[in-house]
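> Provide a 3D model corresponding to the input given below.
(chains A and B)
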Number of protein chains: 2
Amino acid sequence: MSVEGCYRELSTLAGADLKSDATRKALCDLIAESLRYINQAGYYLLDSKVPRKQYGMMNWNGRKSRPVNHALFRASMSITDFVDNVFKPGKKDQATLDRCLYTAAMSFPLARDLEADGDQKSPGTFFEILVGHIFASRYKVNPTRQITIPTLDTEVKIPTDFIFEIGNGRRIHLPIKISTRERVIQVWAHQAMLDGMHGKGRFKGILVCLTETNKQKNKSVVEVCLPNQWTAYQMFIAQLDRIYYFDVPVKYAALRENYPHIQVWPFSHFLKEANDLFKPV
Amino acid sequence: MSVEGCYRELSTLAGADLKSDATRKALCDLIAESLRYINQAGYYLLDSKVPRKQYGMMNWNGRKSRPVNHALFRASMSITDFVDNVFKPGKKDQATLDRCLYTAAMSFPLARDLEADGDQKSPGTFFEILVGHIFASRYKVNPTRQITIPTLDTEVKIPTDFIFEIGNGRRIHLPIKISTRERVIQVWAHQAMLDGMHGKGRFKGILVCLTETNKQKNKSVVEVCLPNQWTAYQMFIAQLDRIYYFDVPVKYAALRENYPHIQVWPFSHFLKEANDLFKPV
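The predicted structure is shown next:
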């Protein structure tokens, strides 16, 4: 099947049952097909302005891809490696796990970059399905996408990001974004709304992002970060429990060090701490 | 001077002193020049799906404009009418005032629609200058665009929408948007951040918008409104004191009727109540 055919198949199956084995199989097929597609492309290194990180870019029939983290991406990754590392129980090598996750998450977005101009939507949907499936299969429950406003008069439902009701009072509010830029304040605002409706701490707020890289006009790569804003949001709007990245921005990882100690981690940490997230601190 | 030349002049002068007479003169020049420009264009009515509102569209050299509220727009408006109604003291006819404000606010955005493809930025900047100048000249003070986070350790400044410090403890947080769509949650989130930093009620939150019209593919005009979301934001994120529109969406005006009674009004109301906004209720 073509990359596009695999994507349509995945959308359908994920919409029907995000946590299912059928969704996982369609996800694996799309990742494998995307990697096969981008393996035809040329690849060269870019000028990275990010400390201790190298970035490259793919090129195919004149179309250029988004920046690729050179140390994290492995175009030769096999689907067996991906499934064994991400979904099978047991202790994993952290570096290998990080590479499997990043390679899988970048596969289809890179293929779309090389196949079509300016398609932002389908890479975003793919990334949401990838992360949503990992959460849903881990907690064995599908998310909802709306929430009822508790009001004294009429019942009102409003749309939200993924909401997981895991049982025993455990709930997760899970926004998933390819990158955040200045739109990220929406995530803290949604968390504030859930806190206001249902009480603080009722929903764990977990934001998952792919990367914050940006290719500038002179072809150098930067990470677009607003750490002061994040600090203000975490202090004054609401508290997010975790922010996971597939390619952690240097300036956001540093936020862990100082008050309010925003917990920004590689996404691989979720796989390790998924069962501990609801333990009392 | 050309429309573009007038716009550059206005940007420079507004950046130097938003409340000044020089800014007002440049604003008037740009509005007059824009109206002259769009008076060359063709005009025809669209199919309006909005109850009790008619919309039209301009057409010039194959370029099409955004929808125009037929009852509010007067291409023949003179600058003297605009200045007398908007800036001179004394009692005004409400309908005339609404038309002057709407015509002025739409003038440059319409001209840009007919002159260039997909320029969102300069109409947004123009609208911000127009509204910002009306506030700044009314309260005789220029706004700032950043705020210092009160923290126990280091001093951190973050960028904001317009903040007016009027004196005697009176402060306004003034976001200005051509239209809001789903991005509007940012406005409530910024208000929550200011409330969290400085105490609730310390900054009056006033949102000013032009319109929420959208032209659909079949050329009918709708208003894109999310009243349930607004209700949830006002109940659970923060409280905005006023939301003024130059073309008030039907579904948002109705929000005044029920709890939490969000105060959505035509922008002309600001000119009447500017001195009363800080009276204790």
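> quick one: terminal-to-terminal distance for stretch A:221-238?
Looking at stretch A:221-238, the gap from its leading to its trailing residue is 31 Å under the measure Cα to Cα, to the nearest Å.
> err, stretch A:177-184, not the other one
For stretch A:177-184, the end-to-end distance is 9 Å (Cα to Cα).
> quick one: the strands in chain A?
A:42-45, A:47-48, A:55-60, A:63-64, A:68-69, A:144-149, A:156-167, A:170-174, A:176-177, A:204-209, A:213-215, A:220-223, A:242-245, A:264-266 (DSSP state E).
> Output the ones you listed as TSV; include the columns distance to residue A:125.
(Each C-beta comes from the backbone N, C-alpha and C, glycine too.) Supplementary listing: those in TSV, determined by distance: least, Cβ to Cβ, whole Å:
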stretch	distance to residue A:125
strand A:42-45	26
strand A:47-48	28
strand A:55-60	21
strand A:63-64	20
strand A:68-69	20
strand A:144-149	13
strand A:156-167	13
strand A:170-174	15
strand A:176-177	10
strand A:204-209	14
strand A:213-215	20
strand A:220-223	24
strand A:242-245	19
strand A:264-266	23
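> export these to a markdown table and tack on distance to chain B, mean pLDDT and mean neighbour count?
Output for the strands of chain A, formatted as a markdown table (distance: least, Cβ to the nearest Cβ, whole Å; pLDDT from 0 to 100; neighbours: other Cβ atoms under 10 Å in any protein chain shown):
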| stretch | distance to chain B | mean pLDDT | mean neighbour count |
| --- | --- | --- | --- |
| strand A:42-45 | 31 | 96 | 12 |
| strand A:47-48 | 27 | 96 | 16 |
| strand A:55-60 | 26 | 96 | 20 |
| strand A:63-64 | 21 | 94 | 14 |
| strand A:68-69 | 29 | 98 | 24 |
| strand A:144-149 | 5 | 90 | 13 |
| strand A:156-167 | 5 | 92 | 16 |
| strand A:170-174 | 13 | 96 | 20 |
| strand A:176-177 | 14 | 97 | 21 |
| strand A:204-209 | 14 | 98 | 23 |
| strand A:213-215 | 18 | 96 | 18 |
| strand A:220-223 | 18 | 97 | 19 |
| strand A:242-245 | 17 | 98 | 22 |
| strand A:264-266 | 18 | 98 | 20 |
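> what bits of the stretch 151-281 of chain A have low per-residue confidence?
In the prediction, the stretch 151-281 of chain A carries residues with pLDDT under 70 at positions A:281.
> For it, which residues are neighbours of chain B?
A:151, A:153, A:156-158, A:183, A:185-186, A:188-190, A:192-193, A:195-197, A:228-229, A:231-233, A:235-237, A:258-259 (Cβ under 8 Å from any Cβ of the partner chain).
> Filter those residues down to the buried ones.
Taking 16 or more other Cβ atoms under 10 Å in any protein chain shown as the criterion, what is buried in these is A:156, A:158, A:185-186, A:188-190, A:192-193, A:195-197, A:229, A:231-233, A:235-237.
> how far away is the nearest residue to residue A:171 once chain neighbours are set aside from residue A:242?
The spatial neighbour of residue A:171 that comes closest, neighbours along the chain excluded (Cβ to Cβ, 6 or more residues apart in numbering or on different chains), is residue A:203 at 4.7 Å. Spatial separation of residue A:203 from residue A:242 under the definition Cβ to Cβ, to the nearest Å is 13 Å.
> before we move on, what about residue A:48?
As for residue A:48, its distance to residue A:242 is 27 Å (criterion: Cβ to Cβ).
> cool, and residue A:58?
Plainly put, residue A:58 is 31 Å away from residue A:242 if you go by Cβ to Cβ.
> Also residue A:249?
Relative to residue A:242, residue A:249 is positioned 15 Å away (Cβ to Cβ).
> ok, now residue A:258?
17 Å.
> swap in residue A:13?
From residue A:13 over to residue A:242 the distance is 28 Å, taken as Cβ to Cβ.
> for residue A:272, same thing?
As judged by Cβ to Cβ, residue A:272 and residue A:242 stand 12 Å apart.
> cool, and residue A:213?
Look at residue A:213 and residue A:242: by Cβ to Cβ, they are 21 Å apart.
> and what of residue A:251?
Distance, residue A:251 to residue A:242, using Cβ to Cβ: 17 Å.
> Over to residue A:151?
Going from residue A:151 to residue A:242 by Cβ to Cβ gives 30 Å.
> Run the chain-centre distance for the longest helix along chain A.
The single longest helix within chain A, with elements called by DSSP state H, is helix A:94-115. The offset between the C-alpha centroid of helix A:94-115 and the centroid of the whole chain comes to 11 Å, using Cα atoms, centre = their mean, to the nearest Å.
> same question, stretch A:159-179
A distance of 13 Å separates the C-alpha centroid of stretch A:159-179 from that of its chain, computed with Cα atoms, centre = their mean.
> residues making contact with it?
Here stretch A:159-179 makes contact (Cβ atoms under 8 Å, 6 or more residues apart in numbering or on different chains) with A:109, A:120, A:123-124, A:127-128, A:131-132, A:135-136, A:139, A:141, A:143-147, A:183-184, A:186-187, A:190-191, A:194, A:202-213, A:224, A:277-278.
> Show me what residue of the stretch 51-200 of chain A gets nearest to chain B.
Per Cβ to the nearest Cβ, residue A:196 is where the stretch 51-200 of chain A lies closest to chain B, at 3.1 Å.
> In contact with the nearest residue to that residue once chain neighbours are set aside: list those residues for me.
Nearest-residue entry for residue A:196: residue B:236, 3.1 Å, with adjacent residues in sequence omitted and distances by Cβ to Cβ, 6+ apart. Residues in contact with residue B:236, defined by Cβ under 8 Å, 6+ apart, are A:192, A:193, A:195, A:196, A:197.
> ditto for residue A:239
By Cβ under 8 Å, 6+ apart, the contact set of residue A:239 is A:191, A:200, A:205, A:260.
> what's the second one in contact with, if anything?
When you say that, I think you mean residue A:200. Listed by Cβ under 8 Å, 6+ apart, the contact partners of residue A:200 are residue A:239.
> again, but for the first one
Residue A:191 makes contacts with A:173, A:203, A:205, A:237, A:238, A:239, A:240, as judged by Cβ under 8 Å, 6+ apart.
> Now for these: which two are most distant?
Taking every pair in the contacts of residue A:191 and measuring Cβ to Cβ, the maximum separation is 14.5 Å, between A:203 and A:237.
> who's in contact with stretch A:218-227?
Looking at stretch A:218-227 with Cβ under 8 Å, 6+ apart, the contacting residues turn out to be A:46-50, A:55, A:57, A:67, A:179, A:181-182, A:184, A:211-216, A:249-252, A:254-255.
> swap in stretch A:262-277?
Here stretch A:262-277 makes contact (Cβ under 8 Å, 6+ apart) with A:86, A:92, A:94, A:97-98, A:101, A:131, A:134, A:138-139, A:172, A:204, A:206, A:208, A:230-231, A:234, A:240-246, A:248-249, A:252-253, A:255-256.
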